[in-house]
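Peer 1: Sequence first, predicted coordinates after that:
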Amino acid sequence: MDSTILTAVIMLGVLAVVLAAVLYIVAQKFKVVEDERIDGTESILPGANCGGCGYTGCRAFAETLVKTDDISGMFCPVGGNAIMTKIAEYLNKTIESKDSETAVVRCAGSCENRQRINEFDGATSCAVMAATYSGDTDCPYGCLGKGDCVSVCNFGAIYINSTTMLPEVDEDKCTACGSCVKACPKLIIELRKKGPKSRRIYVSCINKDKGAVARKACKVACIGCAACRKACTFESIIIENFLAYIDPNKCRLCRKCVEVCPTGSITELNFPPRKPKIEVQEQKQDNVNSETITN
Amino acid sequence: MIKTFKKGGVHPHENKISRNAALEQLIPEGIIRIFLSQHIGAPAECIVAKGDKIKTGQLIAKANGFVSANVHSSVSGTVLGIENIADYQGIKKPAICIQVEGDEWEESIDRSDEINRDLSKTSEDILAKITEAGLVGLGGATFPTHVKLTVPKGKTAKAIIINGAECEPYLTSDHRVMLEHGEELLIGVQLLKKAVNVDKAYIGIETNKQDAIDNLKKIAEKYSGIEIVSLKPKYPQGGEKQLIKSITGLEVPDRALPIETGCIVSNICTTFAVYEAVQKNKPLFENSVTITGKNLKAQKNFIVRVGTPLSQLINATGGMPENTGKIISGGPMMGRAISNLEAPTLKGSGAVLFIASDEARRGTKSNCIRCSKCVSACPMGLQPFLLYKLAELNMLEELKDNSVHACIECGCCLYTCPANLPLVDYIRLGKTRAMKHIVKPK
């Protein structure tokens, strides 16, 4: 009885040693040499696996970063400049710094501004709706509001506003990965420079119809009147097909175009509220008063 | 013997309430707009200029390439120019706008009621006439008829099949043509037979149109080689592949054209248009349109000129019913909802259907319970529930592996789904995306 157990233990022990040796030899012989830096780079990357860099996930991007000598064209939109600088230091390579971007929705055709003339009863999907017909308003370019952009966003950064029925971007969460840009069948969403203090000016309309047609369909449509182009001192506004576009690289955020736009289709974001001149004076007086009191 | 196809299919309530309304002419007023693209293929090229005086039946746009068709004026009047006009779905396309002034026809068109029974024309003559008249398939797909009748090299045509199934609920325009223009129709069949050199023709008619079957059978005794086939009512019997299967028992192979089985399928209205084009010299500028709906004041079957604004059709039936929830161009199964009531009719417009608001909405969507009703209903033997999910997830490779290209978008799956899933919506989207994927690999 005892000897049976002993034999079994010895036999299994010997077997374990032999197999371990075989495994060791095989492991040595067929060892996959992988650059350690790939793991290192991957640990620096945010791990969002959003594909915003153009590669299938963070691991694939890390591999490419390590293997390619010139990484100046590559960029992780989620990590931004901070992460890219870290990676550049880690890999001893140079990168180009990029302005951080965010998604903007170029349509302001809320229920109030743009009358709904029919109702879509099919699948709740912008792609299906766009493939079926021109949309539930007179504007064939505008937002369909079925939320394809919302469902593709991995970061919960875009949502449909329940009063306007238009998507809105939460710029703190938006990583500019670009999945909503690809998902929108009407090409309404654009990635734009975040700008200093997140201040941005853009034309929130992509209607390419003639002014009268566009205006009839939507109260805040760009009618291509070129008033903004005349007002702009930096030549940053291009008008094509009755539609204005503000070049973010030339725009200096002076807000003159916003003031002259007759339909209000130019949107300004995150600027301090404009104070009418009279109020400013009153406030100054108030300030003076308060100062005198404290003094 | 009553025939039908075996695989899949459904039989919705027929609702052929306009079946007794005789065909009526409808002459448009005011401004009409004729799209340059009335067919599948390249849009026609405009050959008239602003200010030109034109007559009814005059060529106004020339076919641009082989897969294209001529477009003729449907009225006499003055050309106002080319504009981008929104179609039924609100999508803007170039159209020729014409101010209607009277109704003066081209002299070459024979307007008499007499039936021209002369069958001496050669095959080339017939094809040339059809090409010149700008004929397209009036069953809905609007594929240029001369292309269909040109048999590819290495293939032989054995029979002509005329599609008189009219399996879509509500539609009755084909039915009326079969009843009122039976003899002309059969002459059209003889012409088609001659054009492709075959001696056998079948006309498939569903038994819910027994009067049409009897009428055509009586006339067909005078003509050789035409067989009237009774079909059991079942949707989508009017589908090309289903009709061939029903009548001949032959299956069109996957990814192949019907000519593989030696059959050329043509619609009733198209065949009637062939007669008019060849024997009466009349180009295709009007076709029969059913205007129907349970709440309409009058059910109508109109002969409508191409380019007539939809609103005029509605006015001619006594105005739009108050509780209309949806207006559909075509039948309730495959037709598409209309969002623009000022849109002009096309060559291929076969019906305008008014659905009351209590019937217009889809049911509430719930989850797929894998009951496989859609699989049993699919006439192409596909798995709609799977294709739907794959299309929703945009999995194009898997869609191709599951033969999404074979889907004929008949809507049987959606009709039968107890969970009210938008199956066809997504499959159609996935099909378009997957097909693009095939042409241009990334």
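Peer 2: All right, it came through fine.
Peer 1: just checking, what's the longest helix in chain A?
Peer 2: Criterion DSSP state H: the longest helix present in chain A is helix A:2-29.
Peer 1: Contacts only, for the single nearest residue of the stretch 101-250 of chain B relative to chain A.
Peer 2: Nearest residue of the stretch 101-250 of chain B to chain A: residue B:140, at 16.3 Å (Cβ to the nearest Cβ). All C-beta atoms are positioned from the backbone trio N, CA, C, and that covers glycine. Counting by Cβ atoms under 8 Å, 6 or more residues apart in numbering or on different chains, residue B:140 touches B:330, B:334, B:348, B:350.
Peer 1: Please repeat the previous calculation with a cut-off of 10 Å.
Peer 2: B:168, B:238, B:267, B:329-331, B:334-335, B:348-351 (Cβ atoms under 10 Å, 6 or more residues apart in numbering or on different chains).
Peer 1: what's the neighbour count on residue B:230?
Peer 2: 16 (other Cβ atoms under 10 Å in any protein chain shown).
Peer 1: Same check on the one 4 residues further on?
Peer 2: Neighbouring residues of residue B:234 were enumerated by other Cβ under 10 Å; the total is 19.
Peer 1: quick one: secondary structure of the residue of the stretch 101-250 of chain B closest to chain A?
Peer 2: The three-state assignment at residue B:140 reads coil, by DSSP: H, G, I helix; E, B strand; the rest coil.
Peer 1: Read off the pLDDT value for it.
Peer 2: We have a pLDDT of 78 for residue B:140.
Peer 1: Kindly report the same for residue B:112.
Peer 2: With respect to pLDDT, residue B:112 scores 88.
Peer 1: Show me where the stretch 1-150 of chain A has its strands.
Peer 2: A:101-105 (DSSP state E, counting those that start in this stretch).
Peer 1: so where's it uncertain?
Peer 2: Within the stretch 1-150 of chain A, the stretches with pLDDT under 70 are A:1.
Peer 1: and the longest helix of chain A, how far from the chain's centre?
Peer 2: Computed by Cα atoms, centre = their mean, to the nearest Å, the chain-centroid distance of helix A:2-29 equals 57 Å.
Peer 1: From the contact counts, what lies against it?
Peer 2: For helix A:2-29, there is no helix or strand it packs on, judged by 3 or more Cβ pairs under 10 Å, 6 or more residues apart in numbering or on different chains; DSSP states H and E.
Peer 1: if we can go back for a sec, phi, psi of the residue of the stretch 101-250 of chain B closest to chain A?
Peer 2: Residue B:140 adopts backbone torsions of phi 140, psi -40, taken as degrees, to the nearest 10.
Peer 1: dump the residue contacts of residue B:108.
Peer 2: Here residue B:108 is in contact with B:57-58, B:280-283 (criterion: Cβ under 10 Å, 6+ apart).
Peer 1: make it 6 Å
Peer 2: residue B:281 (Cβ atoms under 6 Å, 6 or more residues apart in numbering or on different chains).
Peer 1: is it true that it lies in a helix?
Peer 2: No - if the criterion is three-state DSSP, then residue B:108 is coil and not within a helix.
Peer 1: all strands of the stretch 151-300 of chain B, in order?
Peer 2: For the stretch 151-300 of chain B, the strands defined by DSSP E, counting those that start in this stretch cover B:159-164, B:201-206, B:226-231, B:263-267, B:286-293, B:300-305.
Peer 1: Indicate which one of these is closest to residue B:48.
Peer 2: Taking Cβ to Cβ, strand B:300-305 is the member of the strands of the stretch 151-300 of chain B nearest to residue B:48, at 16.7 Å.
Peer 1: what lines up beside the closest one in the sheet?
Peer 2: strand B:23-26 (parallel), strand B:286-293 (antiparallel) (DSSP bridges).
Peer 1: What count of nearby residues applies to the closest residue to residue B:56 other than its chain neighbours?
Peer 2: Excluding the flanking residues, the one nearest residue B:56 by Cβ to Cβ, 6 or more residues apart in numbering or on different chains is residue B:105, at 4.5 Å. Residues lying near residue B:105 (other Cβ under 10 Å) number 15.
Peer 1: Could you do the one 4 residues further on as well?
Peer 2: Taking other Cβ under 10 Å as the criterion, the count of residues near residue B:109 is 15.
Peer 1: The residue in the stretch 151-295 of chain A that chain B sits nearest to and residue B:6, how far apart?
Peer 2: At 8.6 Å from chain B, residue A:209 is the closest residue in the stretch 151-295 of chain A, using Cβ to the nearest Cβ. According to Cβ to Cβ, to the nearest Å, residue A:209 stands 51 Å off from residue B:6.
Peer 1: Could I get the contacting residues of the residue of the stretch 151-295 of chain A closest to chain B?
Peer 2: By Cβ under 6 Å, 6+ apart, the contact list for residue A:209 is empty.
Peer 1: With residue A:236 instead?
Peer 2: Residues near residue A:236 by Cβ under 6 Å, 6+ apart: A:246-247, A:250-251.
Peer 1: remind me which residues of chain B are low pLDDT?
Peer 2: When residues are selected by pLDDT under 70, those of chain B lie in B:437-442.
Peer 1: hmm, 80 instead?
Peer 2: B:140, B:437-442 (pLDDT under 80).
Peer 1: what residues does it put near chain A?
Peer 2: Within chain B, the residues that sit near chain A (Cβ under 6 Å from any Cβ of the partner chain) are B:89-91, B:339, B:361-362, B:422, B:425, B:429.
Peer 1: Can you select the buried ones from those residues in ChimeraX?
Peer 2: Of those, the buried ones can be selected in ChimeraX as follows, counting by 16 or more other Cβ atoms under 10 Å in any protein chain shown:
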select /B:89,90,91,339,422,425,429
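Peer 1: Keep only those of the residues of chain B next to chain A that are in strands.
Peer 2: Among these, no member falls in strands (DSSP state E).
Peer 1: give me the element residue B:99 is part of.
Peer 2: strand B:92-100 (DSSP states H and E).
Peer 1: Can you tell me what sits against that strand?
Peer 2: With Cβ under 6 Å, 6+ apart, strand B:92-100 has contacts from B:28-29, B:31-37, B:60, B:75, B:77-87.
Peer 1: Could you pull up the residues touching the nearest residue to residue A:35 once chain neighbours are set aside?
Peer 2: Distances taken as Cβ to Cβ, 6+ apart put residue A:66 closest to residue A:35, at 5.3 Å, once the chain neighbours are dropped. Neighbouring residues of residue A:66 by Cβ under 6 Å, 6+ apart: A:35, A:37-38, A:41.
Peer 1: Now the closest residue to residue B:389 other than its chain neighbours, what are its backbone angles?
Peer 2: By the measure of Cβ to Cβ, 6+ apart, the closest residue to residue B:389 outside its immediate chain neighbours is residue B:368, 7.7 Å from it. Main-chain torsions, residue B:368, degrees, to the nearest 10: phi -70, psi 130.
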